[in-house]
Every structure is written in structure tokens, then in C-alpha cells.
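**Q** Give me a 3D structure for the following:
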Amino acid sequence: QVQLVESGGGLAQPGGSLRLSCTASRNIFSLYAMGWYRQTPGKERELVATLALLNSGPVTIYPDSVKGRFTISADNAKNTVFLQMDNLKPEDAAVYFCNTKTATIPWGQGTQVSVSP
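**A** Model prediction:
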């Protein structure tokens with residue numbers, strides 16, 4: 001069973017940046033579109049970035065709430081997907097998770113992102 005481990009969260013100031021990492025126990029990124037999700041207490045998990053590694057090249061999708069600020073990428077050799085978060089806003093504070101785009105893998109523990117002056 002594939003395991004996912006997220007890391008890189010922490011405290012950032014508004015306008016600051018963080019880079020999250022998610023390492024899988026085996027290579028899955030060439031098989032599945034991957035996504036970064038976030039969740040705050042009392043709310044459903046929200047998909048904030050998607051990456052599909054197609055033969056024609058990578059395809060990324062972002063909701064309007066993070067478009068232009070978040071960038072998803074992957075290093076297949078390291079079984080790792082990244083989320084570069086720039087110009088962070090207080091509303092970006094959440095626990096961040098990675099998974100396939102259809103959430104087919106057991107969830108990892110996530111990594112906490114806090115945004116505060």
C-alpha cells in the first residue's frame with residue numbers, strides 16, 4: 001500500500017512563501033494525476049492544485065483562490081510532489097495534504113500551514 005508523507009509546513013507572514021513536499025513510498029506520479037488539498041476545521045477538504053504528467057507535457061490546474069500564487073511540481077526520481085506557495089494570505093492557513101486527484105490513496109497526516117503577521 002502506498003504511503004504519503006507531507007512536510008514543509010510552518011508559520012509564514014502574509015505575503016510570504018512556503019514550499020511543501022509530499023513523498024510517496026513508491027512512484028505513482030507517472031500513473032496518476034496528483035493533487036494538493038487543504039482542510040480547515042469544520043470544512044471539507046479542498047483541492048488546490050492538480051498535476052498530470054502527460055506524454056505531451058505536464059498539465060496543472062488551480063482554482064481561482066490560489067491561481068498565480070501556488071505552483072505544483074514533481075520530481076519523479078524522488079517520488080516527490082511539491083507545492084510552492086507564494087504571496088500567502090491568512091485564508092491559506094490549513095492542513096495541507098497530497099493525494100491522487102481522485103483521492104485513491106490513504107491520507108497522510110498532512111502538514112500544517114499557518115499565516116499570521
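
**Q** use CA for all of it now, contacts and neighbours both
**A** Fine.

**Q** who does residue 51 bridge with?
**A** Residue 51 has these beta-bridge partners by DSSP bridges: residue 34, residue 60.

**Q** That one and residue 112, how far apart?
**A** 21 Å (Cα to Cα, to the nearest Å).

**Q** out of these two, which sits in the busier spot?
**A** Using other Cα atoms under 10 Å, the more surrounded residue of residue 51 and residue 112 is residue 51, with 23 against 20.

**Q** tell me the contacts of the more buried one?
**A** Contacts for residue 51 (Cα atoms under 8 Å, 6 or more residues apart in numbering) come out as 33, 34, 35, 58, 59, 60, 61, 72, 73.

**Q** Which PyMOL command selects the buried ones in those residues?
**A** For the buried members of the contacts of residue 51, the matching PyMOL selection, counting by 16 or more other Cα atoms under 10 Å, is:
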select buried, resi 33+34+35+60+72+73
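
**Q** Sounds good, over and out.
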